[in-house]
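# predicted model, plus sequence, below.
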Amino acid sequence: MLLSEERNLIVEYGRKLIASQLTTGSGGNLSLYNRSENLVAVKPSGVDYLLMRPQDVVIVSPEGEIVDGDLKPSSELKFHLALYRHRADVNAVVHTHQVYATTIACLNWELPAIHYLVGFSGDKVPLAPYATFGSQELSDHIIAAIGHYNACLMANHGLVTVGNSILPAFAVAEEIELVARLYYQAKCIGQPVILPESEMEIIVEKFKTYGQRR
Ligand SMILES: [Zn+2]
């Protein structure tokens, strides 16, 4: 089967999205770009994560033409493909409606450096202005907002994260949910203290070599 490894990862990490409560039902989506094959594996539209099978995953060209698959690709395919074009370092895109990050996005706020773990994104999580889901406008807003960050809030919608593989892209979504929750909770009882830019520069640098990556 074409891109069988990527299909399995889409199924596996789709289930993790549900288990980690980063999305519900068939909401959100994820894709992987195999740059040597020049093909993208993407979640099919409207399929429940817990029922999705590897053969349901849709394989498309970087231009969005279906190469293999009977189902329709995710309605957000446009911004996934735009991110792969925009960022040569990105091979995985995760989009969620995770509750705390989306709460911040519904206020049309960015997520500041209230906790050093925001470094999974950069010195903050930027915000892309609202546009209808699946639209070219939404894709353009995300590309303009995300820059070199690994996460971007989508106003009145959710979050998108990127990584050089699915593991870091998923980790960014998980960690940003924690930071968004801390920001919400801190705001409830006081005025959160934001880490200075100079400290976030150190954190972002440290994160580049964090963990097992060499
Ligand atoms: Zn969405």
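That came through fine. Numbering: from 1, shown residues only.
# C-terminal to the longest helix along the chain, what's the next element?
Counting residues, the longest helix in the chain under DSSP state H turns out to be helix 166-189. Where DSSP states H and E defines the elements, the next helix or strand beyond helix 166-189 is helix 197-207.
# ok, residue 203 to residue 25 distance?
Distance from residue 203 to residue 25, counting by Cβ to Cβ, to the nearest Å: 35 Å. C-beta here means a position set from N, CA and C on the backbone, and glycine is covered the same way.
# higher neighbour count, these two?
Neighbours per residue (other Cβ atoms under 10 Å) separate residue 203 from residue 25, with residue 203 holding more: 18 against 12.
# I'd guessed that one sits against residue 119; true?
Yes: taking Cβ atoms under 8 Å as the definition, residue 203 is a contact partner of residue 119 at 4.0 Å.
# report the angle between the axes of the longest helix of the chain and helix 197-207?
Here helix 166-189 runs at 150 degrees with respect to helix 197-207, directions being taken by axes from the mean of the first three to the mean of the last three Cα atoms, to 10 degrees.
# what's the offset of helix 166-189 from the middle of its chain?
Using Cα atoms, centre = their mean, to the nearest Å, the mean C-alpha position of helix 166-189 is found 12 Å from that of the whole chain.
# so residue 59, which of the three states?
Here residue 59 takes the strand state, with states given by DSSP: H, G, I helix; E, B strand; the rest coil.
# now it: closest residue in space, sequence neighbours ignored.
Leaving aside its sequence neighbours, residue 59 sits nearest to residue 68 (Cβ to Cβ, 6 or more residues apart in numbering; 4.1 Å).
# neighbours of that neighbour, how many?
15.
# now do the residue minimising distance to the centre of the chain, the pLDDT please.
For the chain, the residue lying nearest the average C-alpha position, counting by Cα atoms, centre = their mean, turns out to be residue 161 (2.3 Å). The confidence metric pLDDT takes the value 98 at residue 161.
# can I assume residue 165 is in contact with residue 91?
Yes: counting by Cβ under 8 Å, residue 165 does reach residue 91; the two are 5.9 Å apart.
# returning to what we had before: just the element for the residue nearest to the centre of the chain, please.
Assigned by DSSP H and E, residue 161 belongs to strand 158-163.
# name the helices or strands packed onto that strand?
helix 77-86, strand 92-96, helix 99-106, helix 136-146, strand 151-154, helix 166-189 (3 or more Cβ pairs under 8 Å, 6 or more residues apart in numbering; DSSP states H and E).
# low-scoring stretches of the protein, by residue?
The model of the chain has pLDDT under 70 over residues 211-214.
# can you give me the angle the longest helix of the chain makes with helix 99-106?
Going by the same axes, to 10 degrees, helix 166-189 is angled at 70 degrees with respect to helix 99-106.
# buried residues of helix 166-189, list them for me.
Under the neighbour-count criterion of 16 or more other Cβ atoms under 10 Å, helix 166-189 has 166, 168-177, 179-184 buried.
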